[in-house]
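Q: Got a sequence here, can you build the structure:
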Amino acid sequence: MDTVEDFTKVESIFIRERNALMVRGQFAPVYTDYYIHLMDSKLRHKEQLDTILKEQLAFLTLHLVARPWAETIAWTVNLRAPRVNFFVTGNSIHESITGHLFTEGVREADRNLLYSQTVVEGKEARRSTIELEDNDPKHWIESYYAQSEQRPARAFRLPDENFVLIAAQPDCDLEWLENLSDKDVEKIMDVEQTKVLETRKFRFHCGCSPEKFLPSLAQYKDKPEELFQDDDALEITCPRCGGKHIITPDML
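A: Just a heads-up that it's a prediction; the model follows:
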């Protein structure tokens with residue numbers, strides 16, 4: 001059984017007189033699972049890219065908690081320099097977040113772009129594309145809120161892997177929101193009237209397995225030689241998390 005310490009606790013807090021929603025979490029548990037995953041998958045990222053991916057995981061998690069429960073959200077960011085794609089996705093029902101980055105075969109774009117897809121079961125997916133001005137995930141989510149959510153939001157990195165998102169609600173004190181500093185955010189629970197609306201717990205988890213790739217290989221069931229090319233096994237990489245899985249002929 002997983003204990004609560006295995007998860008990142010994410011709190012959704014309403015700031016009463018400011019009419020703003022604050023979502024906050026301490027992401028050490030998510031990052032621990034993330035690094036165990038990298039070790040198990042024999043993956044290693046450059047420090048700069050690794051930091052960006054980790055911050056994307058944090059900010060998407062906060063955004064998920066600010067949104068309705070039933071949504072699955074995926075963000076893909078295509079950067080020009082360094083030329084890299086970042087992919088993160090999460091789901092509040094399963095309280096999971098995962099992601100991966102790609103440095104090979106990345107098409108060169110004329111600008112930095114964030115592609116967002118939101119899926120609710122039984123409904124058509126909602127998609128949006130946001131142009132990004134720099135390589136800072138903190139600014140990415142603020143731009144996403146301004147352009148796609150059409151309301152201002154501020155994102156904050158605090159010490160000890162704490163991250164905070166504060167999003168405007170109707171009649172928000174926008175001047176207060178715009179002028180918030182990191183130190184101000186650290187003191188909000190002490191100086192503002194607040195109410196904890198809900199608490200969720202998230203972990204880094206993809207859920208991929210060899211069995212989940214088998215349906216896409218069903219066409220080779222009666223002609224495995226075309227797939228394996230005299231090899232004893234086939235290695236498949238999960239596009240969501242980068243995890244590696246071994247498929248053998250008998251599994252078909």
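
Q: going forward, measure contacts between C-alpha atoms and count neighbours the same way
A: OK.

Q: would you say L60 is within a helix?
A: Yes. Under DSSP: H, G, I helix; E, B strand; the rest coil, L60 falls within a helix.

Q: so where is the stretch 1-150 of the chain shaky, pLDDT-wise?
A: Scanning the stretch 1-150 of the chain for pLDDT under 70 picks out the ranges 1-5.

Q: just the helices in it please.
A: All helices of the stretch 1-150 of the chain, identified by DSSP state H, counting those that start in this stretch, fall at 28-40, 47-66, 137-144.

Q: Alpha carbons of the last one, in PDB - could you do that?
A: Spelled out, it's helix 137-144. The C-alpha coordinates for helix 137-144 follow below in PDB (Å, rounded to 0.1, in the frame of the first residue of the first chain):
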ATOM      1  CA  PRO A 137       8.100  27.100 -17.400                       C
ATOM      2  CA  LYS A 138       7.000  29.600 -14.900                       C
ATOM      3  CA  HIS A 139       6.300  32.100 -17.700                       C
ATOM      4  CA  TRP A 140       4.700  29.300 -19.800                       C
ATOM      5  CA  ILE A 141       1.900  28.700 -17.500                       C
ATOM      6  CA  GLU A 142       1.300  32.400 -16.900                       C
ATOM      7  CA  SER A 143       1.100  32.800 -20.700                       C
ATOM      8  CA  TYR A 144      -1.300  29.800 -20.900                       C
END
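
Q: Just list the residues touching the nearest residue to K9 once chain neighbours are set aside, thanks.
A: In space, K9 comes closest to K201 once its chain neighbours are excluded; the distance is 4.4 Å by CA to CA, 6 or more residues apart in numbering. By CA atoms under 8 Å, 6 or more residues apart in numbering, the contact set of K201 is 4, 7-10, 95.

Q: and if you look at V164?
A: V164 is in contact with 22-25, 59, 62, 155-158, counting by CA under 8 Å, 6+ apart.

Q: State the distance from the nearest residue to A233 once chain neighbours are set aside to V23.
A: Spatial nearest neighbour of A233, chain neighbours left out: T248 (4.6 Å); criterion: CA to CA, 6+ apart. Counting by CA to CA, to the nearest Å, the separation of T248 from V23 is 45 Å.

Q: who's more crowded, those two?
A: Remark: of T248 and V23, V23 carries more neighbours, 27 against 14, as counted by other CA atoms under 10 Å.

Q: Would you mind measuring from the more buried one to L165?
A: 5 Å.

Q: Next: K42.
A: 32 Å.

Q: Tabulate the helices of the stretch 1-150 of the chain in JSON lines, adding columns for distance to F87.
A: As requested, the helices of the stretch 1-150 of the chain are exported to JSON lines (distance: least, CA to CA, whole Å):
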{"stretch": "helix 28-40", "distance to F87": "14"}
{"stretch": "helix 47-66", "distance to F87": "8"}
{"stretch": "helix 137-144", "distance to F87": "12"}
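
Q: okay if I get the ones you listed as TSV plus mean neighbour count and distance to P239?
A: Formatted as TSV, these follow (neighbours: other CA atoms under 10 Å; distance: least, CA to CA, whole Å):
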stretch	mean neighbour count	distance to P239
helix 28-40	16	14
helix 47-66	21	15
helix 137-144	21	21
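
Q: what's the pLDDT at D230?
A: Note for D230: predicted pLDDT of 73.

Q: and the gap between H205 and D33?
A: Distance of H205 to D33, given as CA to CA: 8 Å.

Q: So for L38, what's the nearest residue that isn't a sequence neighbour?
A: With sequence-adjacent residues excluded and distances taken as CA to CA, 6+ apart, L38 is closest to R44, at 6.6 Å.

Q: Please read the previous query as pertaining to L57.
A: Spatial nearest neighbour of L57, chain neighbours left out: V88 (6.3 Å); criterion: CA to CA, 6+ apart.

Q: Would you check that my belief about T248 contacting I236 is correct?
A: No. The criterion here is CA atoms under 8 Å, and T248 misses it with I236 at 10.8 Å.
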